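In: Show me how the following folds:
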Amino acid sequence: MQRSLTNGSILRRLVTGENLPKFPLVRKRAFRDLAKQGNQARDARNWLAAVEFYGAALKLNPSALGLTVQFGHALKETGQFDAAYDAYCSVLAKTPRDDDLHLQIGHLEKLRGHVSAALSHYKKAVEINPANRNAESEYAHLQGLLGVPRDVAAEEHRRAAVPSHPSNGVLNTLVASGKAPAASAQPTQETPRNPAALRRAGDKARDARHWREAADYYADYLTLTPKDFDVWTQRANCLREAKDFVGSAAAYRAGLAIVPTDSDLYLQLGRVLNLQGQPEAALQAYRQSFQLKPLRSVFAEIRTLGATIDLTDDVLFQDRTSSHTYLEISDLLTVMMSQAVVSGIQRVQFGLLSYVLSQSEKSPASGIDFVIWYENNTWRLPKQFLGVLVHNYKIRVVVNLNHNEK
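Out: Residues are numbered from 1 along each chain as shown. Predicted structure coming up:
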């Protein structure tokens, strides 16, 4: 009984929140398995899967504070900032003296555009643990950006309280193991405070192909102007060029949180996820891009992952700007050439093809075209050719039927 409840099919049902086991021992084992898979997804930077598994595990054990923090990290990495904030704060309410958690909330608040709140959390983290160098660095840096006067006496007092061998505690361990997002690196030069100056500095570094420096300037600019979609895109592009694919994906998602209908940004996100070795997450981004704007280039990316778009998919090859629909029938043509009778989904496709062709005779301006995938390109088939193909196929079917009756 216990063995059957921990197999893959049961875990998938647990992920959807259905049929949660009632027995304590079974629930404990299911929680452990889901948490383990969440950790594996986290270590692989597969944040979407991590969100799924952590969320399911927490349905079984909502009081798991450490897992809730990891859930918050994964939510943040997938651009679900409000949900990440809720997860973090649910833990903070029970552990208000957790300096690492204040640090993480500070990072999140910067992404949400709540600069004053971010500064407050960084300050709180330093007050709780003066040895938290990450929090101290972020606090000082943000003070400089905002032009906040520094409390020199307080800083000297904190430094005096730091042991000779300071440690950043749990966060350093998590960052070193890749389990928590690290704070972004800061520009080595003196950072301008004015948003326009930061933007110019970022553009200058970008044009000089100093990708990491440009990304850091853009990060400072976005701290002060967090709703600038174009600069989020620029930061993501620079991080991608710097081979920081994880950071690039996070920046693309931050941009999508501002403009969720940008098809090109979903395409770029898919490419970065694919470079990370996350084909399933990449495919999801490609499909979202295709839904928003069906382009051949996006369709080609989908096919490179071994997927397709046909009548069985939620997405149709549809050009909304020209009120045109494109249906891919590569498999149907293969079956028609090799078999006497079509069946299954190809039979449905054949019926639709026959119907559309018959309607095209009455209304030549029909808004549906049929395409095939060949040599990494999408080809539109002339309806006259399809008409001949369907006619000949029907004749072949009739001949085969007569032959079978004899």
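In: any idea whether residue 69 is helix, strand or coil?
Out: Per DSSP: H, G, I helix; E, B strand; the rest coil, the secondary structure class of residue 69 is helix.
In: domains for this structure, by residue range?
Out: Following the assignment in automatic domain parsing, the chain carries domains at 4-161, 261-307, 324-405.
In: can I get those in JSON lines with mean neighbour count, distance to residue 243 and mean pLDDT?
Out: Placement of C-beta: from N, CA and C, glycine included. Shown next, in JSON lines, are those (neighbours: other CB atoms under 10 Å; distance: least, CB to CB, whole Å; pLDDT from 0 to 100):
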{"stretch": "domain 4-161", "mean neighbour count": "18", "distance to residue 243": "14", "mean pLDDT": "82"}
{"stretch": "domain 261-307", "mean neighbour count": "19", "distance to residue 243": "9", "mean pLDDT": "88"}
{"stretch": "domain 324-405", "mean neighbour count": "14", "distance to residue 243": "26", "mean pLDDT": "73"}
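In: Throw the ones you listed into TSV and include distance to residue 227, thanks.
Out: Formatted as TSV, the domains of the chain follow (distance: least, CB to CB, whole Å):
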stretch	distance to residue 227
domain 4-161	6
domain 261-307	14
domain 324-405	35
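In: closest to residue 236 out of the ones you listed?
Out: Closest approach to residue 236 among these (CB to CB): domain 261-307, 7.0 Å.
In: quick one, phi/psi of the spatially most central residue of the chain?
Out: By CA atoms, centre = their mean, the mean C-alpha position of the chain lies nearest to residue 78, the distance being 5.0 Å. Backbone torsions of residue 78, given as degrees, to the nearest 10, read phi -90, psi 10.
In: Please name the residues that touch it.
Out: Residues touching residue 78, when contacts are defined by CB atoms under 8 Å, 6 or more residues apart in numbering, comprise 47-48, 51, 253.
In: now it, nearest residue through space, not along the chain?
Out: In space, residue 78 comes closest to residue 47 once its chain neighbours are excluded; the distance is 4.8 Å by CB to CB, 6 or more residues apart in numbering.
In: so what's the one you found up against?
Out: With CB under 8 Å, 6+ apart as the criterion, the residues that contact residue 47 are 41, 74, 77-78, 281.
In: From residue 93, how far out is it?
Out: Using CB to CB, to the nearest Å, one obtains 24 Å as the distance from residue 47 to residue 93.
In: Could you do residue 229 as well?
Out: Using CB to CB, residue 229 is found at 33 Å from residue 93.
In: and if you look at residue 307?
Out: Counting by CB to CB - residue 307 and residue 93 are separated by 43 Å.
In: Spell out the residue ranges of the strands in the chain.
Out: Along the chain, counting by DSSP state E, strands occupy 317-319, 324-328, 368-374, 377-380.
In: Dihedrals phi and psi, residue 262?
Out: phi -90, psi 110.
In: Hmm, it is touching residue 255, no?
Out: Yes: taking contact to mean CB atoms under 8 Å, the distance of 7.2 Å between residue 262 and residue 255 places them in contact.
In: Common neighbours of these two, please.
Out: Where contact means CB under 8 Å, 6+ apart, the residues bridging residue 262 and residue 255 through contact with each are residue 229.
In: Contact partners for the spatially closest residue to residue 37 that is not a sequence neighbour?
Out: Of all residues beyond its chain neighbours, the one nearest residue 37 is residue 53 (4.6 Å), with distances taken as CB to CB, 6+ apart. The neighbours of residue 53, taking CB under 8 Å, 6+ apart as the test, are 15, 34-35, 37-38, 41.
In: Could you export those as TSV, including distance to residue 66?
Out: What follows is these, written out as TSV (distance: CB to CB, whole Å):
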residue	distance to residue 66
15	20
34	14
35	9
37	16
38	11
41	16
